[in-house]
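Asks: here's a sequence, model it:
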Amino acid sequence: MVCILFAVLPCSGGYAQPSNPDWHLDDPEKNLVQGISLERAYEKLRGKPSTAVIVAIIDSGIDIDHEDLKGVLWTNQREIAGNGIDDDKNGYVDDIHGWSFIGGPSGDVNEDTFELTREFVRLDKKFGLLPENKIPGRDRKEYESYKSIKDKFTRLRDKNREEYAYYQRLKRNLDLSLDTLKATLHSELLTLEKIDSLQSQTPTQSFAKGIARMVLQNVDAGTDLQKIKDEIDEAVEQYRVIVGYGYNTEFDSRKVIGDNYSNPREKYYGNNNVRGPENDHGTHVAGIVAADRTNGTGINGIADNARIMVVRAVPNGDERDKDVANGIRYAVDNGARVINMSFGKSLSPDKAVVDEAVAYAEQRGVLLVHGAGNEKHDNDKRDNFPNRNYTTGKKAANWLEVGATASGTGKDFVADFSNYGKKGVDVFAPGVDIYSTMPGNKYKEQSGTSMASPVVTGIAALLWSYFPDLTAAQIVEVIKNSTRKFDRLRVNRPGGGEAEFSELSSSGGLVNAYTAVNLALTIQNQTGQKR
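Replies: This is a model prediction of the structure:
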């Protein structure tokens with residue numbers, strides 16, 4: 001599941017707003033924000049040749065007509081666009097810029113259920129009507145799992161219904177209040193100071209003032225009420241999907257796809273609509289990696305010679321293991337060297353299928369970069385899928401797990417939503433208020449480990465374009481060993497308490513493109529590579 005964080009939601013953070021929207025690219029020493037020193041890296045690489053690197057974005061879809069992305073898309077040269085023929089015989093018809101595993105002849109999946117819901121439905125069919133004393137001994141372990149899943153499903157469904165009702169009420173009251181206050185104060189800008197200036201009050205005005213003050217009192221001074229209203233509108237929409245689809249036991253998204261869902265190793269289904277019906281998340285992720293650095297428009301991505309392959313497998317809900325596995329295999333088979341995966345969930349019933357795809361990528365030297373998740377969890381103690389851990393007990397060597405940081409180095413350096421883990425998370429990267437591409441030639445700040453992951457993906461693509469002989473395992477080690485360290489820096493640990501930043505990941509540091517390039521140059525010199 002992808003996750004966007006809103007200022008009105010409980011998981012959001014109160015971070016100082018960086019003055020530069022490209023802060024995540026800045027140099028800590030020069031700009032005094034904790035970016036990745038990107039321009040210093042390119043200064044070091046000036047004059048060196050580079051090779052195009054294909055980067056697959058497994059996500060919700062991408063606006064392939066965006067002004068800052070259309071020039072950096074991967075194009076399948078073996079396929080003739082629009083002829084309805086599988087010219088390259090890879091099993092996918094007209095896959096010009098990639099493939100969608102959540103589309104089909106009948107349309108495209110947008111919303112989907114959560115894996116928790118799907119597991120509850122599956123197990124409830126088996127155990128729901130059976131008295132506990134009638135459960136066969138061979139099924140006792142699964143039955144205990146069913147009881148736990150049922151309890152969690154019911155609790156979360158009810159909690160989200162309450163949250164949805166709360167935000168609906170807040171939205172209705174704020175809609176009325178906004179109109180009243182704008183008319184009364186003759187102003188479109190409604191800050192707390194301006195609202196407090198309202199003296200003579202009718203009952204309607206008094207109600208509007210009270211609602212507005214309640215909403216604005218916990219945000220930065222000078223925040224416009226309209227901005228908060230827009231975020232609440234987005235929150236209402238998010239909860240509408242969560243309640244109406246995520247926890248809806250009657251909803252079945254697979255009807256439009258037409259695959260045999262009971263066969264987790266089925267490969268050839270989907271369609272070539274890589275945009276999908278809603279592609280905000282994937283478009284934002286793609287821009288962070290590789291927005292065109294040469295067109296003088298919009299933003300600069302991290303990698304200057306990347307080609308974005310679009311793999312659509314992540315709905316507004318939880319991704320399916322089958323689709324994730326096929327997305328990885330498709331990317332590997334079509335030349336991707338790096339795969340970004342800004343999604344995750346807490347259950348993986350077909351993990352074996354995903355493991356097979358991860359191993360397939362590992363055998364072919366393809367790097368997988370994954371966002372650690374936004375639940376404030378210790379990933380060493382709670383499952384977050386997909387992950388590098390094979391069911392055999394071995395670990396994939398081609399994997400980077402990424403947590404999120406903000407721009408400063410105070411107590412709130414680590415994003416308060418970010419998962420972490422001394423073993424389960426490798427590095428941290430900027431993931432708060434990251435400005436990137438949005439559908440329709442627009443741009444916007446978003447926060448999440450979904451944003452931190454493509455920062456690392458972009459650095460990996462940059463390294464491979466200038467040092468193409470490095471292996472996936474070497475790229476992993478270069479990125480981990482070149483992280484910026486903070487001597488005994490104590491931070492607020494997501495979820496509560498404090499910890500030293502160095503204890504929240506295996507590398508103990510923040511990614512840095514400049515030091516990564518220096519380390520790659522050292523390896524190149526030691527091995528006698530010509531490039």
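
Asks: and Ala208, that's in a helix?
Replies: Yes. Assessed by DSSP: H, G, I helix; E, B strand; the rest coil, Ala208 belongs to a helix.

Asks: determine how far stretch 78-87 lies from the middle of the whole chain.
Replies: Relative to its chain's centre, stretch 78-87 lies at 31 Å (CA atoms, centre = their mean, to the nearest Å).

Asks: tell me which residues of it are tucked away?
Replies: Going by neighbour count (16 or more other CB atoms under 10 Å), the buried part of stretch 78-87 is Glu79. In this view, the C-beta of every residue, glycine as well, is placed from N, C-alpha and C.

Asks: what sits up against that stretch?
Replies: By CB atoms under 8 Å, 6 or more residues apart in numbering, the list of residues contacting stretch 78-87 from outside reads Asp88, Asn90, Tyr92, Val93, Asp94, Asp95, Ile96.

Asks: same question for stretch 176-191.
Replies: Stretch 176-191 has contacts (CB under 8 Å, 6+ apart) with 194-195, 197-198, 204-205, 207-209, 211-212, 216, 221-226, 229.

Asks: which of those residues are buried?
Replies: By neighbour count, with 16+ other CB under 10 Å, the contacts of stretch 176-191 hold 194-195, 198, 205, 208-209, 211-212, 216, 223-225, 229 as buried.

Asks: wasn't Asn326 part of a strand?
Replies: No. Going by three-state DSSP, the assignment for Asn326 is helix, not a strand.

Asks: and for the closest residue to it other than its chain neighbours, the neighbour number?
Replies: Nearest residue to Asn326, sequence neighbours excluded (CB to CB, 6 or more residues apart in numbering): Phe101, at 5.1 Å. Residues lying near Phe101 (other CB atoms under 10 Å) number 27.

Asks: measure Phe101 to Ala331 for me?
Replies: Per CB to CB, to the nearest Å, Phe101 is found 11 Å from Ala331.

Asks: overlap in contacts, the two.
Replies: In contact with both Phe101 and Ala331: Val311, using CB under 8 Å, 6+ apart.

Asks: phi and psi next, for Asn384.
Replies: Per-residue torsions, Asn384: phi -140, psi 120 (degrees, to the nearest 10).

Asks: to clarify, my last question referred to Arg484.
Replies: According to degrees, to the nearest 10, Arg484 has phi -80, psi 130.

Asks: Arg312 now?
Replies: Backbone torsions for Arg312, taken as degrees, to the nearest 10, come to phi -90, psi 120.

Asks: got a list of what the closest residue to it other than its chain neighbours touches?
Replies: Nearest non-adjacent residue to Arg312, counting by CB to CB, 6+ apart: Ser100, 3.6 Å away. The contact partners of Ser100, by CB under 8 Å, 6+ apart, come to Gly61, Asp108, Gly270, Asn271, Asn272, Asn273, Val274, Gly276, Val311, Arg312, Ala313.

Asks: what about 7 Å?
Replies: By CB atoms under 7 Å, 6 or more residues apart in numbering, Ser100 lies in contact with Gly61, Asp108, Gly270, Asn271, Asn272, Asn273, Val274, Gly276, Arg312.

Asks: how close does Glu362 get to Pro386?
Replies: Plainly put, Glu362 is 13 Å away from Pro386 if you go by CB to CB.

Asks: mind listing what the closest residue to Arg488 other than its chain neighbours touches?
Replies: Once flanking residues are discounted, Arg488 sits nearest to Glu500: 6.0 Å by CB to CB, 6+ apart. With contact set as CB under 7 Å, 6+ apart, Glu500 has these partners: Arg488, Leu489, Arg490.

Asks: closest to Val427 out of these?
Replies: Of all the contacts of Glu500, Val427 sits closest to Leu489, with 15.2 Å by CB to CB.
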